[in-house]
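Undergrad: Have a look at this prediction, sequence included:
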Amino acid sequence: MHSPCVARCGLNEDDYCMGCYRHIDEIVVWSSASDEQKKHILDQLEARKVQFSDSENNQTLSRAKWLEAEKRLI
C-alpha cells in the first residue's frame with residue numbers, strides 16, 4: 001500500500017504532519033504496518049485535514065522526533 005506522504009513534512013503542536021495528516025507514531029510504523037493498519041490510518045486522513053485546516057507546521061520532523069517516537073513504539 002502506497003504511503004500518503006507528500007514530502008511536505010511539518011508537525012503541528014500535537015505531532016501531526018501538516019503534509020499527510022498522519023501522527024508521528026503512524027509515520028514511524030508505516031513501513032511495518034499491516035495493510036489493515038494502513039487502511040485504518042488512511043481512513044482518518046480526510047477528517048484530520050478538515051480538523052487541522054487552521055493549524056501550522058510549527059516544528060520539523062527531525063531525526064530526534066523520529067527516534068523519540070520509535071522508542072515509544074518499540
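TA: It's in. Numbers count the residues shown, from 1 in each chain.
Undergrad: use CA for all of it now, contacts and neighbours both
TA: Fine.
Undergrad: The most centrally placed residue in the chain: what's it in contact with?
TA: In the chain, the C-alpha closest to the average C-alpha coordinate belongs to Arg22, at a distance of 2.5 Å (C-alpha atoms, centre = their mean). Arg22 makes contact with Tyr16, Ile41, Leu45, according to C-alpha atoms under 8 Å, 6 or more residues apart in numbering.
Undergrad: mind running it again at 10 Å?
TA: The contact partners of Arg22, by C-alpha atoms under 10 Å, 6 or more residues apart in numbering, come to 4-5, 11, 15-16, 28, 30, 41-42, 44-45, 48-49.
Undergrad: same thing with Val28?
TA: Contacts for Val28 (C-alpha under 10 Å, 6+ apart) come out as Arg22, Trp66, Leu67, Ala69, Glu70, Leu73.
Undergrad: Mind pulling up the pLDDT for it?
TA: At Val28 the predicted local distance difference test score is 92.
Undergrad: What strand or helix carries it?
TA: Element membership for Val28, per DSSP states H and E: helix 24-29.
Undergrad: And the next helix or strand past that helix?
TA: From helix 24-29 onward toward the C-terminus, using DSSP H and E, the following helix or strand is helix 35-51.
Undergrad: Who are the packing partners of that following helix?
TA: In this structure, helix 35-51 packs against helix 24-29, with contacts taken as 3 or more C-alpha pairs under 10 Å, 6 or more residues apart in numbering; DSSP states H and E.
Undergrad: so Asn12 touches Ser53, yeah?
TA: No: counting by C-alpha atoms under 10 Å, Asn12 does not reach Ser53; the two are 11.0 Å apart.
Undergrad: Spit out the residues that contact the two alike.
TA: Taking C-alpha under 10 Å, 6+ apart as the contact rule, Asn12 and Ser53 both touch Met18.
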